[in-house]
Each structure stands twice: as structure tokens, then as C-alpha cells.
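[1] Whatever this is, show me its structure:
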Amino acid sequence: LLAMAVLMVGLVVAIPILGMVLASAIAFALFAVIVVTPRPLTSIIVAVVLPLALYAFFSHVAGVSVPQGRFLTLP
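    Numbering: from 1, shown residues only. The predicted structure is shown next:
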């Protein structure tokens, strides 16, 4: 429980720096490590594909701006 609390606080701190897409991908991958998932390869694939797919939908289809970071700016 403490590790998840630290992960959530880290995500909130990392979003302005890394952007929501990259910070969410890292947070999901770390969550998979914390809970010791039985399928680590699937978790890594989902950690990369899901934030990118959500960014594409919200940015290009729904027209909602997704927070961009200082290190990564998506089109």
C-alpha cells in the first residue's frame, strides 16, 4: 500500500515534467512490477500502447488537450 502511495505521488509530480503520456506509461510499468504480474511482457506492451492510444483518441478525436511535458511533446 505504501509503494502504491509513493507511485501515485510520483505520478502527480512527474506529469508536469514528463507529460501525461510518458508518466502514465512509466507508472503502469512500475505498478506491474509492484504487483508482480504473471505476464510481464503483456504489461510492458500495455504500458506503452494504452497511453499512446488514449492520447490519440483524446487529442485528435475528442479534441481535448492532454498535458504535455517539458521533455516530450507529442503532435
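[2] Next one: residue 3 from residue 21, what distance?
    23 Å (C-beta to C-beta, to the nearest Å). The C-beta positions use only the backbone N, C-alpha and C, and glycine is treated the same way.
[3] same question but for residue 41, I mixed them up
    Distance from residue 41 to residue 21, by C-beta to C-beta: 21 Å.
[4] quick one, which of the two is more surrounded?
    For residue 41 versus residue 21, the count of surrounding residues by other C-beta atoms under 10 Å is larger for residue 21: 23 against 8.
[5] Show me what the helix or strand where residue 33 lies is in contact with.
    Per DSSP states H and E: residue 33 is located in helix 20-34. With contact meaning C-beta atoms under 8 Å, 6 or more residues apart in numbering, helix 20-34 is reached by 3-4, 7, 10-11, 14-15, 17-18, 40, 43-44, 46-48, 50-52, 54-55, 66-69, 71-72, 74.
[6] Inside strands: which ones of the residues you listed?
    Of the contacts of helix 20-34, none are assigned to strands by DSSP state E.
[7] Quick check: ChimeraX command selecting the buried ones in the residues you listed.
    The following ChimeraX line selects those of the contacts of helix 20-34 that are buried, judged by 16 or more other C-beta atoms under 10 Å:
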select :7,11,14,15,18,43,46,47,51,55,66,68,69
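[8] which regions of the chain sit below the pLDDT cut-off?
    Applying pLDDT under 70 to the chain picks out no residues at all.
[9] Kindly provide the distance from the most centrally placed residue in it to residue 42.
    Central residue of the chain (C-alpha atoms, centre = their mean): residue 24, 1.1 Å from the mean position. Distance, residue 24 to residue 42, by C-beta to C-beta: 17 Å.
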